[in-house]
Each structure stands twice: as C-alpha cells, then as structure tokens.
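A.B. asks: Quick one, structure for this:
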Amino acid sequence: ILCKKKILMPLSLLLDPCHCCRKFLVLMNHMCIAPLMFLLEKFGPVVIGGSMVGCETAEYIAAYGKQVTIFEMADEIGKDLYPSIRVNLLPNLKQHDVRLCPSAQVKSIQNGIITYEKDGQLMQSAPFDTIFVAVGMKSENALAEALKEKGYAPLIVGDAKTPTKFKEVLISAVEAALSL
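C.D. replies: Numbering: from 1, shown residues only. Sure, this is the predicted structure:
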C-alpha cells in the first residue's frame, strides 16, 4: 500500500491475511494522527508497549522519518508477533532506527519525560512530544451480561470472551457458530 510515495505495507505482507487485516486497522487509526506528527518536531515520539500493536505503531511512525522509542516491560520486544509478521517487522524497526527499551516498566510520565524502572533502577528518558500507549487488553461484554439479565443466553466469542489475536478470535466465532 502506497501513501505519498511511502510504502505503508510491503506487498509480501499481503500474503498473510491475518496480518493484512490487523495492519490495515492500525494504519486506519493512524491516518487521523499522522498529520499531527509533522507538527511535533522538537522531540521524537515514544510508544509504550512493545507487543504487536506497539511495534506496528512504531513502524508506521518511523516510516515518516521520526525517531521512535519503544518501552516494553517484558524482556523481549514483539514477543507475541506471529512468525510471518516477525520476519519483516523487527528488521523494519531496525532499518528505521527505532530505539528498543525492553525490560523497562514505565512508572510515570510528567512533562513529556518518562520515568521507568530497568534492572531495579529508576531511570528517566529524554523528553518526548508524543506518547502512544499500546498496553493491555481486557474483555468488554456488558451487553452480554445485560442480555443474560433479560433471560437470553448469548454466546460470548472473541475478545469479549478473552482478549487474544485475530486468528483465535475467528476460531472462537466459528466454534460458537458450529455449536448452534
């Protein structure tokens, strides 16, 4: 996919339909904020969270020439990436000089400075203009609970049941449909 002569999604990634769908959704979300990134020139952006969404966010921003930093509390950046995505995404982060900060638990953010704990020591980052938060997921199934209260027996599938990856969401939906 090309946008203003920049490659947003290499053609090779289109071979993985799960990645294609997820990448498109991430890109669509960033289309609204991309123009704002060009206004913030003093300091680079940071992404808090180094799983799939955080890595794809950093990759997208870095493609616009921004110096991006990823903070991840786990010991590995991109730990949950599908192998077919990992093979391209991690080298892209390196190619765009994305700074990776694994094993760093963010403690606070004040005036664009991130205080984080790494190896048992509190540290502070350089200042950042823009901070993207891509951490944690939790189920939201209030509608299902309301339907149960009214006597219905809804089938809860996908992220409403347990937050997970796109492939597992589809599998749970198929299993639910087959159980009818």
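
A.B. asks: and stretch 108-117, which residues are buried?
C.D. replies: 109, 114, 116 (16 or more other C-beta atoms under 10 Å). (Glycine included, C-beta is placed from N, CA and C.)

A.B. asks: Check stretch 127-141 too.
C.D. replies: So, applying 16+ other C-beta under 10 Å, buried residues of stretch 127-141: 128-130, 132, 134, 141.

A.B. asks: Helix or strand: which one has Leu100?
C.D. replies: Here Leu100, judged by DSSP states H and E, is contained in strand 99-101.

A.B. asks: again, but for Ile61
C.D. replies: With DSSP H and E as criterion, Ile61 is part of helix 52-62.

A.B. asks: Looking at this structure, which residue reaches furthest from the middle?
C.D. replies: The C-alpha centroid of the chain is most remote from Gly151, which lies 37.2 Å away (C-alpha atoms, centre = their mean).

A.B. asks: contacting residues around that one?
C.D. replies: Not one residue lies near Gly151 by C-beta atoms under 8 Å, 6 or more residues apart in numbering.

A.B. asks: okay, Ser172: pLDDT?
C.D. replies: We note a pLDDT of 83 for Ser172 in this prediction.

A.B. asks: now it: how far from Gly158?
C.D. replies: 6 Å (C-beta to C-beta, to the nearest Å).

A.B. asks: got any residues that touch both of the two?
C.D. replies: Thr164.

A.B. asks: nearest spatial neighbour of the residue positioned nearest the centre of the chain, skipping sequence neighbours?
C.D. replies: With distances taken as C-alpha atoms, centre = their mean, Val53 lies nearest the centre of the chain, 1.3 Å away. When the adjacent residues along the chain are set aside, Val53 lies closest to Ala134, with 4.4 Å between them (C-beta to C-beta, 6 or more residues apart in numbering).
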